[in-house]
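# with the input below, show me the fold.
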Amino acid sequence: MHYYHYFSIEAGSAVAFLGANGAGKSTLIKLLCGILTPTFGHCSLFNQPCGTLQANQQLGLILGTRSQLWSNLTLQQSLIMTTEIYGITGQEQTRRIAELVELWGLGDLLLQRTKRLSLGQRIRSEIASALGDATTG
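Numbers count the residues shown, from 1 in each chain. Reported below is the predicted structural model:
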């Protein structure tokens with residue numbers, strides 16, 4: 001028996017997948033970013049087939065098991081390193097980091113080693129780090 005599911009999400013929306021173990025959250029995310037391909041039907045993002053460069057360049061994804069943060073560095077050092085990896089330096093780097101620290105309430109955490117952050121602090125820091133290397137419009 002095959003079940004067909006269709007849903008669409010409006011442009012500019014942020015989406016989180018919640019559900020019990022085995023509900024298919026990770027499978028859906030893997031389909032959306034092209035790690036898995038559907039055995040039937042199709043999957044598209046931004047009117048492009050899932051997993052294509054065009055679709056993935058517009059996809060922001062944070063998974064709880066991988067980290068952009070370096071555990072033995074402070075949060076500030078991790079944010080600096082992430083931006084430098086993507087060629088963002090100088091005033092632009094300072095501006096982006098300050099903006100993200102303010103947006104995510106990370107000011108009191110900047111000098112803490114990331115391995116010492118609570119789960120909630122680490123998730124907020126991961127989001128900031130992911131956004132720190134994003135291109136601005």
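# isn't Pro49 up against Pro38?
No - the criterion here is C-beta atoms under 8 Å, and Pro49 misses it with Pro38 at 10.3 Å. Where you see a C-beta, it was placed from the backbone N, CA and C, and this is true even at glycine.
# and the two? Which one has more around it.
Neighbours per residue (other C-beta atoms under 10 Å) separate Pro49 from Pro38, with Pro49 holding more: 13 against 9.
# now the more buried one: how far from Arg124?
Per C-beta to C-beta, to the nearest Å, Pro49 is found 33 Å from Arg124.
# show me how far stretch 96-108 is from its chain's centre.
Distance, stretch centre to chain centre, for stretch 96-108: 16 Å (C-alpha atoms, centre = their mean, to the nearest Å).
# next, count neighbours for Gln121.
Neighbours of Gln121 (other C-beta under 10 Å): 18.
# and it, that one's in a strand?
No - counting by DSSP: H, G, I helix; E, B strand; the rest coil, Gln121 is located in no strand; its state is helix.
# show me the contacts for Gly51.
By C-beta atoms under 8 Å, 6 or more residues apart in numbering, the contact set of Gly51 is 33-35, 37.
# show the buried residues in these.
With burial judged by 16 or more other C-beta atoms under 10 Å, the buried subset of the contacts of Gly51 is 33-34.
# which ones among the contacts of Gly51 map onto helices?
Among the contacts of Gly51, the residues falling in helices (DSSP state H) are Cys33.
# okay if I get the contacts of Gly51 as TSV plus distance to Leu131 and pLDDT?
What follows is those, written out as TSV (distance: C-beta to C-beta, whole Å; pLDDT from 0 to 100):
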residue	distance to Leu131	pLDDT
Cys33	18	83
Gly34	22	84
Ile35	22	85
Thr37	29	86
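# in JSON lines: the contacts of Gly51, plus distance to Ser118.
Formatted as JSON lines, these follow (distance: C-beta to C-beta, whole Å):
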{"residue": "Cys33", "distance to Ser118": "27"}
{"residue": "Gly34", "distance to Ser118": "32"}
{"residue": "Ile35", "distance to Ser118": "29"}
{"residue": "Thr37", "distance to Ser118": "37"}
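# which pair of the contacts of Gly51 spans the longest distance?
Cys33 and Thr37 (11.3 Å; C-beta to C-beta).
# perfect, that will be all.
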